[in-house]
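okay, predicted coordinates and the sequence, questions at the end:
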Amino acid sequence: MFSRLGLSPAAPLLLLPLASLASAAASELRIAHRILHPSLPAAPFVDRAIVLLSGSGPTADARLVPSQTFAHDILDYTRAVEGLKDALYQVALEHPNDSDQSQWAISSVLACHLSTSTSESFTIHLDQNGTPFSLDYFVGPIPHNGACPKRGRKSGGGGSSSAQPSLVEFRPIANTTVALRPPSFPPLPELRVPPPVTAEGKPVEAPREKSFIEKYWMYIAIALIAMTFAPSPPEEEGAGGRGQASGGRR
């Protein structure tokens, strides 16, 4: 079950061409693990698995090969953290040609979830040259609040119940995925043309838009002048005839 674990088809990751990972030095990545808690003795990382990289581009493949001591280590870890809700299970990606564990990329989860998890995922981040530099590790399912599972209670004598540490047995995680993630870049900002400036460095003010009167005052003035000097209309003939008739009767 652990001998060959491929990429998860549901993982929305793009694979960078791994030309630089085709070399023998970079085709195998070492992953180590440990338990960390203030009440526990400080322990170095120990081998957890080897990630084998093969192919390039869309056909690239990552396979996780657990170490021989993996099952024994997980069993010891889950038993050691019984009752320690803040203990951490850490996995580390060893940088190529770097044996200093303080420089390795580390990802942590609460150790209390190891005994109840049914899936785990490794996401290995690559730089622009295709070289691994970071690691993300997740286990599931985990409650939304991230709380540790409640410990079981065992009935004691006299009908009283008291909390008892449950003996943890190792149950291999059935679903393990390994994914490679290339670098992603944010979209470039849209550059705008700077506003024009004067010789003094002040922004050039846009000319004020003219009003209707300011635009067409000349045409309005011509129309008023034409109306002023236009000849008056002639008087009607009927009005003049009545005036003559009244003058003859006198």
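Good, I have the coordinates.

quickly find the element holding His33.
Using DSSP states H and E, His33 sits within strand 28-36.

that strand: which residues count as buried?
For strand 28-36, the neighbour count (16 or more other Cβ atoms under 10 Å) marks 29-36 as buried. For every residue, glycine as well, the C-beta is placed using N, CA and C.

swap in stretch 71-91?
In stretch 71-91, counting by 16+ other Cβ under 10 Å, buried: 73-75, 77-78, 80-81, 84, 87-91.

same deal with stretch 107-114?
In stretch 107-114, counting by 16+ other Cβ under 10 Å, buried: 107, 109-114.

cool, stretch 52-72 as well?
Here stretch 52-72 shows 53, 56, 60-64, 66-67, 70 as buried, counting by 16+ other Cβ under 10 Å.

may I see those residues organised as JSON lines, with secondary structure added?
Listed next are the buried residues of stretch 52-72 as JSON lines, based on DSSP: H, G, I helix; E, B strand; the rest coil:
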{"residue": "Leu53", "secondary structure": "strand"}
{"residue": "Ser56", "secondary structure": "coil"}
{"residue": "Ala60", "secondary structure": "coil"}
{"residue": "Asp61", "secondary structure": "strand"}
{"residue": "Ala62", "secondary structure": "strand"}
{"residue": "Arg63", "secondary structure": "strand"}
{"residue": "Leu64", "secondary structure": "strand"}
{"residue": "Pro66", "secondary structure": "strand"}
{"residue": "Ser67", "secondary structure": "coil"}
{"residue": "Phe70", "secondary structure": "helix"}
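
so what's the spatially closest residue to His37 that is not a sequence neighbour up against?
Nearest-residue entry for His37: Ala87, 4.0 Å, with adjacent residues in sequence omitted and distances by Cβ to Cβ, 6 or more residues apart in numbering. Ala87 makes contact with 35-37, 40, 80-81, 110-112, according to Cβ atoms under 8 Å, 6 or more residues apart in numbering.

now, which of these sits nearest Ser184?
Leu110 (28.0 Å; Cβ to Cβ).

and after the least confident helix or strand in the chain by mean pLDDT, which helix or strand comes next?
In the chain, no helix or strand scores lower on mean pLDDT, DSSP states H and E than strand 161-163, which sits at a mean of 42. Downstream of strand 161-163, the first helix or strand assigned by DSSP H and E is strand 175-181.

got the buried residues for that next one?
Neighbour-count burial for strand 175-181 [16+ other Cβ under 10 Å]: 176-181.

in terms of secondary structure, what does it contact?
Identification of packing neighbours for strand 175-181 by 3 or more Cβ pairs under 8 Å, 6 or more residues apart in numbering; DSSP states H and E yields strand 61-66, strand 119-126.

looking at the buried residues of strand 175-181, which two lie furthest apart in space?
Longest span within the buried residues of strand 175-181, Cβ to Cβ: Thr176 and Arg181, 16.8 Å.
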